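**Student:** below are the sequence and a predicted model; questions follow.
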Amino acid sequence: MRHKRIYEKALLLDAIVRAYRRSRGRKSFPHKMVGQIIPLLFPGSRRLGRGAFKTAYRVSSTARTLVLKAARTRHIRRDLQLYKAIPGRIRNRYFAKIYWGTRHCLLQKYGDQKKVPPEIRKKLSAKGKKLGLSDIRDDNIRWVDGQFKIVDANPR
């Protein structure tokens, strides 16, 4: 397994979220509480932002820029199913690699924010539509491993 220490801490975070939701009687995902726990579990991490469903945190690794996404179970599962539905030979060519997912966390390669040329955006958008993806825009495209890749998309 890649990034085993991060995985073990993500499992701990899952247990904390489950206990918090049970004790408070909450149905929604506690993004604020997770934002307070992440710096304790992952020193040197920082919050990258929040989308419609997931909150992204940059997690340090020796060789790679990684992002830990935290959200409700159904949104994490949807991203994993979407990633696994893309054929294996082209999966990592256009989509940033997802290492693993737990109940509330997902670890993915993450790149630098660069200005995306219009022809690259059109190419990735066309490929995404062919693969059944939507919401491919400049915010969801990053410079990963020397090329532009999709880091977040939704099923059509």
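**Tutor:** Here it is on my side, so go on.

**Student:** can you give me the helices in this protein?
**Tutor:** Ranges of helices in the chain, per DSSP state H, are 4-24, 31-41, 73-85, 88-94, 118-131.

**Student:** the second one relative to helix 4-24, how many degrees between them?
**Tutor:** Counting by axes from the mean of the first three to the mean of the last three CA atoms, to 10 degrees, helix 31-41 points 140 degrees away from the direction of helix 4-24.

**Student:** which other helices and strands contact helix 31-41?
**Tutor:** helix 4-24, strand 46-50, strand 55-60, strand 65-70 (3 or more CB pairs under 8 Å, 6 or more residues apart in numbering; DSSP states H and E). All C-beta spots, glycine's among them, are computed from the backbone N, C-alpha and C.

**Student:** could you report the pLDDT at the spatially most central residue of the chain?
**Tutor:** For the chain, the residue sitting closest to the mean C-alpha position, by CA atoms, centre = their mean, is residue 69 at 4.3 Å. Reported pLDDT at residue 69 in the predicted model: 95.

**Student:** and residue 4, how many neighbours?
**Tutor:** Neighbour count of residue 4, defined by other CB atoms under 10 Å: 9.

**Student:** residue 103 versus that one, what's the distance?
**Tutor:** Per CB to CB, to the nearest Å, residue 4 is found 17 Å from residue 103.

**Student:** can you check residue 26 too?
**Tutor:** Distance of residue 26 to residue 103, computed by CB to CB: 15 Å.

**Student:** neighbour count winner among these two?
**Tutor:** More crowded of residue 26 and residue 103, by other CB under 10 Å: residue 103, with 15 against 12.

**Student:** pLDDT score for residue 65?
**Tutor:** Residue 65 carries a pLDDT score of 81 in this model.

**Student:** meant to ask about residue 87, not that
**Tutor:** As summarised for this prediction, residue 87 has a pLDDT of 87.

**Student:** give the buried residues for stretch 81-95.
**Tutor:** Within stretch 81-95, the residues that count as buried by 16 or more other CB atoms under 10 Å are 82, 83, 86, 92, 94, 95.

**Student:** give me the residues contacting it.
**Tutor:** Outside stretch 81-95, the residues that touch it by CB atoms under 8 Å, 6 or more residues apart in numbering are 98, 124, 127-128, 131-133, 149-151, 153-155.

**Student:** noted, bye for now.
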